[in-house]
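J.: here are the coordinates; sequence isn't available:
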């Protein structure tokens, strides 16, 4: 038999595995509380999530790739080569100095986007240049108008295009550009930017000479006349918008409807666009893609994760009727719509207070579907939404989860307290029982250890002891002698 169990039973002790099980149970309950708190803490959205590593890496790349200051222009106009240009008399205005012309064409070929802005480009003033051409010679100007003539010529083995542009006031401007115009036809609205050479009298097919300023630049850009801020959409604005199939949806976004819609979401009254008493219900991108005709031109509210944000030219080299050269493109993904949850949000002004990786709320107007090719070379469709506002998503106060977590933690805590209290009471009772048992055992030991009175030898005892050797028997040693004070035996009486 196991002596440990006997000793435990004698002292009122429990086996050690019982204590171990109770301790393990308490540890499990405490661990459950920690796990529940961790789940609740993770499920609660953080107030200000830290930037992701991807966002930080993109910021680092932008700081490395983007120079702090723009590079200086490579084009340098030599005033000495323009000193011989004359345009006072009709004969001088009908003649173009080839050295000055070739110099301006060569320097125009060195221009990059934004260089003329650094050189101080101004809008061309026909009257000012006609009255004082000498003070403006070699300076950069721009003019916007309708293309009337266009042909190609060669000077000093330089192939260039020349023609006439008529501005909004009906005044002609002569131009020469070193880059061949692309997808530009007579009658298109174009923008000419270049260096002023002289007042030039150009011969027309009918033999007449037309006086006009001559600009020599890099390229001829397709453009449009500037429009006033749009506060109301025309009823027929979207009649020419087509996005039914992949071919139609892959066409460029730039169009009259697109520009007017961008101006509308920027300049319209917010209370009319999104009435406070009639809140717009939140929708998802796949609803817009499934039925674009029903949603086109309607205010929408969407929510998603901002995946990528960049500033891009609006129109060819920033030429558009809004006179705003750049637009912000925000690629937002709503995972609830799966593969069709991509949105292309367009903003004329940079949204403040948001960063890549944030959940954003978008208020805007749906324009059309736009197809693109993803990194896996698969076609994807996105909903294009010119945005009135893009703000960081702020979740509402969660009242249910905290209450549930408090109830769960309270129940588990109560169970732990009850188990601990029960264990304390059981240990306390066992201790009392053990103390009582030890006291009884102590009393019993003290009673057994007390010395006994010596036995009284009587006559009968002596006779039995004498008779025992004669009979060959040994008298029993453990037989208790009778008390001498007891009643006398019959033998004694005799």
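T.: Thanks, I have it. Please read all numbers here as calculations on a predicted model, not as lab measurements.
J.: in which helix or strand does the residue nearest in space to the middle of the chain reside?
T.: Residue closest to the average C-alpha location in the chain (CA atoms, centre = their mean): residue 357, at 1.5 Å. Assigned by DSSP states H and E, residue 357 belongs to no helix or strand.
J.: tell me the pLDDT at it?
T.: Here the pLDDT value assigned to residue 357 is 91.
J.: before we move on, what about residue 340?
T.: pLDDT for residue 340: 84.
J.: which residue sits closest to it, ignoring its sequence neighbours?
T.: Closest residue to residue 340 apart from its sequence neighbours, by CB to CB, 6 or more residues apart in numbering: residue 286 at 4.3 Å. In short, each C-beta sits where N, CA and C put it, glycine included.
J.: next one: residue 104
T.: In space, residue 104 comes closest to residue 216 once its chain neighbours are excluded; the distance is 4.1 Å by CB to CB, 6+ apart.
J.: looking at the protein, which helix is longest?
T.: When the chain is parsed with DSSP state H, its longest helix is helix 400-448.
J.: any idea how far that helix is from the chain center?
T.: Remark: helix 400-448 is offset 54 Å from the chain centroid, using CA atoms, centre = their mean, to the nearest Å.
J.: kindly report the same for stretch 183-198.
T.: Centre-to-centre, stretch 183-198 and its host chain are 43 Å apart (CA atoms, centre = their mean).
J.: quick one: average confidence on that stretch?
T.: In this model, stretch 183-198 has a mean pLDDT of 94.
J.: one more: stretch 374-390?
T.: Taken as a whole, stretch 374-390 has an average pLDDT of 88.
J.: what about the strands in the stretch 51-200 of the chain?
T.: In the stretch 51-200 of the chain, the strands defined using DSSP state E, counting those that start in this stretch lie at 122-123, 140-155, 158-167, 172-177, 189-203.
J.: what separation do you get for residue 94 and residue 128?
T.: Remark: distance between residue 94 and residue 128 (CB to CB, to the nearest Å) = 22 Å.
J.: make that residue 243, sorry
T.: Per CB to CB, residue 243 is found 46 Å from residue 128.
J.: more crowded one of the two?
T.: residue 243 (21 against 14; other CB atoms under 10 Å).
J.: right, and that one touches residue 291 too?
T.: No - with contact defined as CB atoms under 8 Å, residue 243 does not reach residue 291; the gap is 11.7 Å.
J.: just for this protein, where's the confidence low?
T.: Applying pLDDT under 70 to the chain flags residues 1-19, 22, 40-41, 43-68, 396-400, 448-465, 468-494.
J.: and residue 164, what is it in contact with?
T.: Listed by CB atoms under 8 Å, 6 or more residues apart in numbering, the contact set of residue 164 reads 147, 148, 149, 172, 173, 174, 175, 202, 210, 212.
J.: number of nearby residues for residue 105?
T.: Look at residue 105: counted by other CB under 10 Å, it has 22 neighbours.
J.: for it, list the residues it contacts.
T.: Counting by CB under 8 Å, 6+ apart, residue 105 makes contact with 155, 158, 160, 176, 178, 216.
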